[in-house]
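Trainee: Give me coordinates for this.
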Amino acid sequence: MRLRSGVFASACLLVQALGVGLFLRGFFPVPVRSLPRSGALAGPPAEPPPTGFSSNWTKVPSPLFKKAVIVLIDALRDDFVFGSKGKRFMPYTTQLVERGTSHSFVAEAKPPTVTMPRIKALTTGSIPGFIDVIMNLNSPALLEDNLIQQAKAAGKRIIFYGDDTWVRLFPKQFVEYDGTTSFFVSDYTEVDDNVTRHLDNVMKREDWDLLILHYLGLDHIGHLSGPHSPLIGPKLSEMDNIIKKIHTSLLSKEEGEVTSPHLLVVCGDHGMSETGSHGGSSEGEVRTPLLFVSSAFDRAGGLLKPPELVQQTDLAVTLAIGLGLPISRNSVGQLLLPVVQQKTVREQLRYLHLNGFQLSRLLQENMATYEKDPGFQQFKMAEKSHGSWIKLYLEGNTSEVLRNLGKKVLRQYLEAIRVLSSSLSKQVAQYDTYSMIVGTIIVLEVLVLLLLSTAKALSSRAELEVPLSPLCSLLFYLTCLMLCAVHVVVCTSTESSCYFCSISWLTAIGVIMLISGLLCVILSALEKVFVNPKQMAKNPAAATSSWSEFDMLILAGTVGHVSSLGASSFIEEEHQTWYFLVSTLCLALCQETCRHYFLAKDCDLQLPSSAKANPEEVKGAHHHRDDAGYLQDASKTGKAANSESTRGSEKWMALATPWVVLVCCRLLRSLNQTGVQWAHKPDFGHWLTSSEHKAELSLVASVSLVMIFILVQRRCSLVSKIAMALGLLGVYSYRAAIGNVEFPWQRDSKDISKGIIEARFVYVFVLGIVFTGTKDLLKSQVLSTDAKTKFIGLWEIYSGLVLLAALLLRPHNLPVLVFCLLIQAMMTKYVWKPLEFDAAQVTIMHYWFGQAFFFFQGNSNSIASVDVSAGFVGLDNYVEIPAIFLTGFATYSGPLLWAVHLLCYLSSDVSRNPSAMGHGCFCYALLRSIPVAVYIVLVTGLRYHLFIWSVFSPKLLYEGVHVFITAAVCTFFTAMDHNHLRKVQD
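Mentor: Here you go, the predicted structure:
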């Protein structure tokens with residue numbers, strides 16, 4: 001079956017996307033769970049029985065606190081309370097920490113530091129799976145054993161106000177609730193006022209036992225302007241006043257009562273990075289304050305000690321003991337002993353025994369060799385010592401021996417619990433190895449098939465023969481039977497849940513047939529390459545070009561980047577790799593322009609040797625035209641190029657272009673510090689976004705928007721030019737409305753709003769420009785009109801995407817968009833066209849620049865660099881699909897704009913070789929397939945690496961999403977390859 005290169009590449013990418021999705025499903029595991037229990041196993045254990053005695057303590061201990069209030073402040077970093085900001089803006093909380101009846105800790109959260117997994121950790125005591133970062137936008141009900149469920153079962157009345165993620169996780173557990181959306185990050189005032197307005201009423205009532213308040217304003221301020229924003233201080237002061245109001249109200253309730261005291265817990269779900277985001281593993285993101293306040297505690301005094309570092313999962317078990325509830329079955333947390341130190345030694349030992357027993361049982365159910373675990377052995381020794389202590393206690397012994405033995409047992413329990421918790425944290429997730437293997441096989445098969453097809457796919461015809469005969473061979477059926485047998489054996493013998501085994505047999509057989517078919521096609525291609533090389537040489541479709549120095553540079557850069565993915569430091573600082581490659585590329589282009597204009601003969605001003613090797617291909621790929629030639633035929637272009645003065649100026653501009661690009665890239669590197677090691681360093685973007693430099697930011701934004709219009713409008717129709725101008729004016733109006741920039745006549749910030757009307761005003765023009773371009777494209781595809789109509793349609797779609805990017809990018813990032821357009825225009829007019837680079841080389845350069853601009857935006861391989869606020873521009877409430885699309889587009893706007901510009905470039909000339917689109921699509925698919933296939937293999941081997949969740953896993957998510965986006969781009973490439981289709985049909 002004969003296929004065009006573009007069609008073949010798109011099909012391969014779609015199959016590879018299937019393999020990547022299957023691998024991701026297996027790699028991001030479902031955390032281990034305790035088995036459901038019934039009968040005697042479901043209840044709490046009794047005290048360790050001493051010889052000859054029986055204990056009457058067989059039930060859950062009584063509550064330590066009558067009522068509890070949990071104040072969860074989203075994105076509350078530890079230094080906001082324990083640092084200088086806390087002393088300045090939270091004086092009452094600071095007083096509680098230093099001289100009040102409280103216990104202070106720094107709670108460390110595990111990545112990903114996003115809200116839903118953190119709430120799960122706080123309420124279950126378990127470590128959620130990393131894939132929960134994706135589910136964060138649409139949280140399903142939490143079915144796992146948790147603190148809220150246990151409180152509900154114990155008859156406690158729970159009231160909740162705040163982030164509606166809690167309402168989705170616990171839809172039937174609250175007797176009263178009022179949820180506020182957590183994703184509309186432009187609002188940092190009403191979202192907290194909607195919580196606080198209930199306080200006066202609810203604190204006067206007695207019809208509740210547990211009150212949970214989740215404040216979102218601080219997190220939203222962080223997303224908007226970072227942790228050093230002037231808005232942070234007033235928000236912290238507001239939270240301090242709320243804590244004061246709740247604490248004084250709880251104290252007033254205790255006056256005259258003889259019952260148990262009340263408890264106030266102040267905590268954060270995660271922190272925020274130096275850029276205001278979260279999701280990664282930097283210290284600012286993982287460390288949050290944890291404050292227990294109660295009249296039951298001794299008043300703090302003497303030398304103030306720094307807060308102890310604990311795990312966020314410790315809160316669930318501590319609250320369960322404090323409220324007299326069973327510990328969640330899946331908890332890996334440790335009891336915070338200072339919270340129960342006011343109780344007797346026997347009660348403290350009872351609490352620690354419950355904690356250790358639950359951890360040891362969880363270890364037994366998830367580790368075959370649990371008896372050899374040091375923590376399990378230490379727990380059994382502590383139980384024996386505990387039994388000896390109880391024997392002495394029941395005998396009435398009150399000597400020093402009893403006290404010393406009690407202290408010894410406490411230390412034994414604490415050490416055993418620490419080791420058990422550590423072991424469970426390491427074993428808390430199981431990989432779905434079978435699904436990972438199947439996904440890896442599909443990804444690698446597609447990569448091998450693409451590599452074997454490179455010669456034919458990049459030939460002058462851009463066509464290749466895909467043999468179907470292997471699908472009817474005996475090898476195909478034997479392979480299918482063997483893989484089906486393996487599938488049956490694995491799915492019937494495995495003890496762990498496997499996703500690939502859970503799908504229908506029909507789907508599984510389809511995947512098995514796909515794997516078998518790809519294998520047979522690969523073997524057939526290998527046979528033609530190695531067994532019958534003469535037949536390949538006689539094939540007129542095969543390319544016989546040689547490699548130039550430039551091609552070797554591109555190959556070395558691609559191999560070097562892929563090789564660097566095996567090191568965690570190179571992944572954290574991947575932007576440095578792309579900055580180096582782009583800079584090297586500019587120097588190579590400088591050499592090529594010098595060679596072209598000064599070293600080559602006048603009669604031989606052609607492309608490097610790779611293009612000269614095949615005269616027919618050079619003839620088909622000839623497209624030496626300037627920007628005006630985009631919309632003119634070949635004869636007009638030739639006449640315009642006859643002017644000697646014009647050729648002279650173009651020569652010097654061509655020589656200057658690589659250096660201009662180098663300067664632009666250096667300026668962009670100074671705009672946003674990214675990565676991990678230097679992300680906290682000040683950069684020009686931080687300087688612009690500070691409140692005292694709003695005038696400078698306004699000037700930069702306005703100049704950038706004007707430059708965007710100048711660079712884009714030249715090839716647009718008159719209507720699109722007007723729409724673009726009004727749309728860019730709307731972009732500035734939107735940023736002024738939300739307070740990022742200001743108009744000259746706007747001297748105060750009293751008129752700050754959400755900017756919904758202004759943003760929707762821009763959306764209207766974006767849709768109008770894209771619709772106009774789509775209409776021209778359909779006209780060129782259906783009516784087979786000239787290439788001019790097709791190019792105008794593509795360029796207007798590109799213009800609409802540029803306008804959308806200008807709206808979604810933060811104002812200090814608008815220069816990134818300007819430099820992107822400037823580099824594209826200069827490289828097109830003075831480098832790619834005059835030097836006649838072929839489609840494959842231009843595609844690779846577009847891909848490299850797209851990757852570099854991904855990092856120029858301030859992105860990194862950390863989840864924290866995703867700008868969530870972009871997903872809610874113009875929305876007055878959370879709408880899932882638009883929010884996901886806008887966030888994804890804003891994150892990948894750099895690679896997407898370079899990909900669409902490549903499409904415009906390759907389709908700009910009616911005299912261009914019709915194979916150019918196919919070559920570009922194939923190269924683009926190959927460039928994406930190589931790193932993702934290699935990285936999947938690497939991350940499989942490194943799945944037990946120390947940094948697997950903090951470094952390698954976020955990168956894997958980025959690679960997976962990039963594959964899906966590239967598959968869509970290549971499909972669009974194939975649909976636009978109309979000229980080649982028409983030629984084949986003729």
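Trainee: Can you list the residue ranges for strands in the stretch 301-450 of the chain?
Mentor: Here the stretch 301-450 of the chain has its strands, by DSSP state E, counting those that start in this stretch, at 308-311.
Trainee: where does the stretch 201-350 of the chain dip in pLDDT?
Mentor: Residues of the stretch 201-350 of the chain meeting the criterion pLDDT under 70: 256-258, 300-303.
Trainee: And the helices in it?
Mentor: Remark: helices assigned in the stretch 201-350 of the chain by DSSP state H, counting those that start in this stretch are 217-225, 232-254, 283-286, 314-322, 345-366.
Trainee: just so I know, which of those helices lies nearest residue 805?
Mentor: In terms of C-beta to C-beta, the element of those nearest to residue 805 is helix 217-225, at 18.7 Å. In this view, the C-beta of every residue, glycine as well, is placed from N, C-alpha and C.
Trainee: can you list the residues that contact the closest one?
Mentor: Residues outside helix 217-225 that contact it (C-beta atoms under 8 Å, 6 or more residues apart in numbering): 73-76, 80, 115, 182, 184-189, 191-192, 229, 231-232, 235-236, 238-239, 272, 276-278, 689, 867-869.
Trainee: Mark which of the residues you listed are part of strands, please.
Mentor: Members of those lying in strands (criterion: DSSP state E): residue 73.
Trainee: from the contacts of helix 217-225, which would you call buried?
Mentor: Buried subset of the contacts of helix 217-225 (neighbour count, 16 or more other C-beta atoms under 10 Å): 73-76, 80, 115, 182, 184-188, 191-192, 229, 231-232, 235-236, 238-239, 272, 276-278, 689, 867-869.
Trainee: OK, contacts around residue 812?
Mentor: 671, 684-685, 688-689, 697, 700-701.
Trainee: looking at the residues you listed, which has the most residues close by?
Mentor: Most neighbours among the contacts of residue 812, by other C-beta atoms under 10 Å: residue 701, with 25 neighbours.
Trainee: Wait, that residue touches residue 814, no?
Mentor: Yes: using C-beta atoms under 8 Å, residue 701 is in contact with residue 814, at 5.5 Å.
Trainee: where's the nearest residue to residue 409 once chain neighbours are set aside relative to residue 423, distance?
Mentor: Nearest residue to residue 409 in three dimensions, chain neighbours excluded: residue 385, at 4.7 Å (C-beta to C-beta, 6 or more residues apart in numbering). Distance, residue 385 to residue 423, using C-beta to C-beta, to the nearest Å: 21 Å.
Trainee: closest one to residue 329 among the helices of the stretch 201-350 of the chain?
Mentor: Minimum separation from residue 329 across those (C-beta to C-beta) falls at helix 345-366, 6.9 Å.
Trainee: helices or strands up against the closest one?
Mentor: Packing partners of helix 345-366 (3 or more C-beta pairs under 8 Å, 6 or more residues apart in numbering; DSSP states H and E): helix 314-322, helix 374-394, helix 400-427.
Trainee: Throw those into JSON lines and include distance to residue 67 and mean neighbour count, thanks.
Mentor: Formatted as JSON lines, these follow (distance: least, C-beta to C-beta, whole Å; neighbours: other C-beta atoms under 10 Å):
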{"stretch": "helix 314-322", "distance to residue 67": "11", "mean neighbour count": "26"}
{"stretch": "helix 374-394", "distance to residue 67": "31", "mean neighbour count": "19"}
{"stretch": "helix 400-427", "distance to residue 67": "28", "mean neighbour count": "18"}
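Trainee: Check which element follows the helix or strand that contains residue 477 along the chain.
Mentor: Assigned by DSSP states H and E, residue 477 belongs to helix 474-493. Next helix or strand after helix 474-493 toward the C-terminus (DSSP H and E): helix 499-502.
Trainee: buried sites along the helix or strand just after that following helix?
Mentor: Using DSSP H and E, the helix or strand that follows helix 499-502 towards the C-terminus is helix 505-526. By neighbour count on 16+ other C-beta under 10 Å, the buried set for helix 505-526 is 508, 511-513, 515-522, 524-525.
Trainee: what does helix 505-526 rub up against?
Mentor: Helix 505-526 is contacted from outside by 15, 18, 22, 438, 441-442, 445-446, 448-449, 452-453, 466-467, 469-471, 473, 475-476, 479-480, 483-484, 487, 500-501, using C-beta under 8 Å, 6+ apart.
Trainee: circling back: the residue nearest to residue 409 and residue 412 touch, don't they?
Mentor: Yes: using C-beta under 8 Å, residue 385 is in contact with residue 412, at 5.8 Å.
Trainee: Residue 66: what's it in contact with?
Mentor: 209, 259-262.
Trainee: Who wins on neighbours among those?
Mentor: Neighbour counts for the contacts of residue 66 (other C-beta under 10 Å) peak at residue 262, which has 22 neighbours.
Trainee: tell me the pLDDT at the residue most central in space within the chain?
Mentor: The centre of the chain sits closest to residue 863, judged by C-alpha atoms, centre = their mean, with a distance of 3.8 Å. Confidence at residue 863, expressed as pLDDT, is 79.
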